[in-house]
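Student: model this:
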Amino acid sequence: MRCDSDCLQDCVVAHLAPAFVLTCEKPGVQWSHGRCPACRAWSLSLGIKGGRSLLWTCHRKPTEAKPTPACEYDDILAAAVAKCPQCLALPRKPKAETVTLDELAALLTLGDPALRLRVASIAWQMTPKQAAEKLGMSRATYYRAVSDVRQNRRSA
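Tutor: Sure, this is the predicted structure:
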């Protein structure tokens, strides 16, 4: 929160609830029946989760006239930030790992499983073990690939 309110609940009561025409359902916890900033339907609810974060939800139901489903969380948040930039900010994305040309050239010397594992780790920003699970790599192939990557780094 960047507004002058010290408390998240104070900001919701003073700024966000009026901006989105929200009605208090549970004081300090839940507001609803507001106008969704993404689709403009009267289907928005806002909750305070754990006293530290906001949970935006669009409850719009598809109809024949408007067959699209409820808004995605990221779309609601982006539209809410645009409407109340003094109170809200988009979460920071983690900085992507960069690969030097030397590291990229070293990848060319790796065998197929090691190459797939290293590229998957970089692309998906995961640990090698998580990437191996996502790739469906067997345990033996994973250990062989990790060994190849380590040997490649030592020889570079």
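Student: tell me the buried residues in the longest helix along the chain?
Tutor: Ranked by residue count, the top helix of the chain under DSSP state H comes out as helix 139-155. Within helix 139-155, the residues that count as buried by 16 or more other Cβ atoms under 10 Å are 141, 142, 144, 145, 146, 148, 149, 152. Every residue, glycine included, has its C-beta placed from N, CA and C.
Student: any chance of the residues you listed in JSON lines, plus distance to residue 58?
Tutor: Formatted as JSON lines, these follow (distance: Cβ to Cβ, whole Å):
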{"residue": "141", "distance to residue 58": "43"}
{"residue": "142", "distance to residue 58": "41"}
{"residue": "144", "distance to residue 58": "47"}
{"residue": "145", "distance to residue 58": "43"}
{"residue": "146", "distance to residue 58": "43"}
{"residue": "148", "distance to residue 58": "48"}
{"residue": "149", "distance to residue 58": "44"}
{"residue": "152", "distance to residue 58": "48"}
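Student: ok, now how distant is residue 87 from residue 146?
Tutor: 46 Å (Cβ to Cβ, to the nearest Å).
Student: meant to ask about residue 131, not that
Tutor: Distance, residue 131 to residue 146, using Cβ to Cβ: 11 Å.
Student: who touches both of these two?
Tutor: Counting by Cβ atoms under 8 Å, 6 or more residues apart in numbering, the residues touching both residue 131 and residue 146 are residue 117.
Student: any regions of this structure where pLDDT drops low?
Tutor: Applying pLDDT under 70 to the chain flags residues 1-2, 4-5, 94-97, 153-156.
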